[in-house]
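> take this sequence and fold it.
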Amino acid sequence: MGAIDIHSVLPHRYPFLLIDKVVSKEELKYAKGIKVVSTGDWFINREEKNPKMPEVLILEAIGQLGAFVLPDKEKSLGLLSGVRNVKFLQSVHPGDQLDLEFEVIKLRSQAFKGRGIASVNGTKVAEAEEITVSYLR
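Residues are numbered from 1 along each chain as shown. I've put the predicted structure just below:
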């Protein structure tokens, strides 16, 4: 698999693009990606003693990754339209590499549901039992 052009799939740009790289994917099955969290990220409050990535943005990053399970020929806009049973287990701090996974669990004609996991150094920091992504063709 060659390099994946994130900008050809997602309309998001700075500051709302929360994926740095898609490392692997299989159409309508799964996608894996990374986000390196840095002190320069707009959402990091450098005045805090122990700054962290907001949990809702970890969830958004997993949702953005979900767009990469659509077939390459599909020029669709994926929209995060629902989440269920989300758990945040640990904080994510500047210097951490956030490893993201999205696995499709159910397909529909205009949406799909997936399971999402975010981890740092092999330790799960967040999980979503179900993320719904609706898409416009």
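> pull out the buried residues from the one helix or strand K25 maps to.
Applying DSSP states H and E as the criterion places K25 in strand 21-26. Neighbour-count burial for strand 21-26 flags V22, K25 (criterion: 16 or more other Cβ atoms under 10 Å). C-beta here means a position set from N, CA and C on the backbone, and glycine is covered the same way.
> do the same with stretch 117-125
I117, A118, S119, V120, V125.
> so who does the first one touch?
Spelled out, it's I117. I62, L100, E101, K124, A126, E127, A128 (Cβ atoms under 8 Å, 6 or more residues apart in numbering).
> OK, contacts around the second one?
L100 makes contacts with I19, K32, G33, I34, K35, A61, I62, L65, G116, I117, A118, as judged by Cβ under 8 Å, 6+ apart.
> okay, and which of these map to strands?
Among the contacts of L100, DSSP state E puts K32, G33, I34, K35, G116, I117, A118 in strands.
> ChimeraX command for the buried members of those?
Burial among the ones in strands among the contacts of L100 is assessed by 16+ other Cβ under 10 Å; the matching ChimeraX selection reads:
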select :32,33,35,116,117,118
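> is it possible to export the ones in strands among the contacts of L100 to JSON lines including distance to H93 and pLDDT?
Output for those, formatted as JSON lines (distance: Cβ to Cβ, whole Å; pLDDT from 0 to 100):
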{"residue": "K32", "distance to H93": "21", "pLDDT": "98"}
{"residue": "G33", "distance to H93": "19", "pLDDT": "97"}
{"residue": "I34", "distance to H93": "15", "pLDDT": "98"}
{"residue": "K35", "distance to H93": "13", "pLDDT": "98"}
{"residue": "G116", "distance to H93": "20", "pLDDT": "97"}
{"residue": "I117", "distance to H93": "18", "pLDDT": "98"}
{"residue": "A118", "distance to H93": "13", "pLDDT": "98"}
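> kindly indicate which of the ones in strands among the contacts of L100 lies nearest L107.
Nearest to L107 among the ones in strands among the contacts of L100, counting by Cβ to Cβ, is G116 at 16.0 Å.
> quick check, central residue of the chain?
The residue lying closest to the centre of the chain (Cα atoms, centre = their mean) is I62, at 2.2 Å.
> can you list contacts of the strand holding K25?
For strand 21-26, using Cβ under 8 Å, 6+ apart, the contacting residues are M1, I4, I6, Y30, A31, K32, G33, I34, L65, F68, V69.
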